[in-house]
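1. the sequence and its predicted three-dimensional model are supplied below.
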Amino acid sequence: AFADDDHLERTLRRGLRHIQLRPNLIDGCLTETGLELTHHPTTPRQGQ
């Protein structure tokens, strides 16, 4: 249980930061869906 709204917010932000710094977590979750994903960048990558 969370002590107050601030405790909840800190916990959520910490969790989201953890995921943001580990993109392989998101890739793994999306891979497990079985969907075929296609990347369409909105800005060109360097060297392309």
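-> Nice, thanks for sending it over. Numbers count the residues shown, from 1 in each chain.
2. which stretches of the protein form helices?
-> Counting by DSSP state H, the segments of the chain that form helices are 5-20, 23-32.
3. okay, buried residues for the first one please.
-> If I follow you right, that is helix 5-20. When burial is assessed from 16 or more other Cβ atoms under 10 Å, helix 5-20 yields no buried residues. C-beta coordinates here come from the backbone N, C-alpha and C atoms, glycine included.
4. dump the helices of the chain to TSV, plus distance to Thr38 and mean pLDDT.
-> Below are the helices of the chain laid out as TSV (distance: least, Cβ to Cβ, whole Å; pLDDT from 0 to 100):
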stretch	distance to Thr38	mean pLDDT
helix 5-20	22	95
helix 23-32	12	84
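5. let's see stretch 27-39 as CSV, backbone CA atoms only.
-> Output of stretch 27-39 as CSV, limited to C-alpha atoms (Å, rounded to 0.1, in the frame of the first residue of the first chain):
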residue,chain,number,x,y,z
ASP,A,27,11.1,-5.2,-27.1
GLY,A,28,10.7,-8.5,-25.2
CYS,A,29,7.1,-7.7,-24.3
LEU,A,30,6.2,-6.8,-27.9
THR,A,31,8.0,-9.9,-29.2
GLU,A,32,5.9,-12.1,-27.0
THR,A,33,2.7,-10.8,-28.6
GLY,A,34,3.6,-12.6,-31.8
LEU,A,35,2.8,-9.5,-33.8
GLU,A,36,5.0,-8.5,-36.7
LEU,A,37,6.5,-5.1,-36.0
THR,A,38,7.8,-2.8,-38.7
HIS,A,39,9.9,0.3,-37.8
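6. off-centre distance for that stretch?
-> Average the C-alpha atoms of stretch 27-39, do the same for its chain, and the two points are 13 Å apart (Cα atoms, centre = their mean, to the nearest Å).
7. stretch 11-22 too?
-> 8 Å.
8. just stretch 7-14 next, same as before
-> For stretch 7-14, the distance to the chain centre is 15 Å (Cα atoms, centre = their mean).
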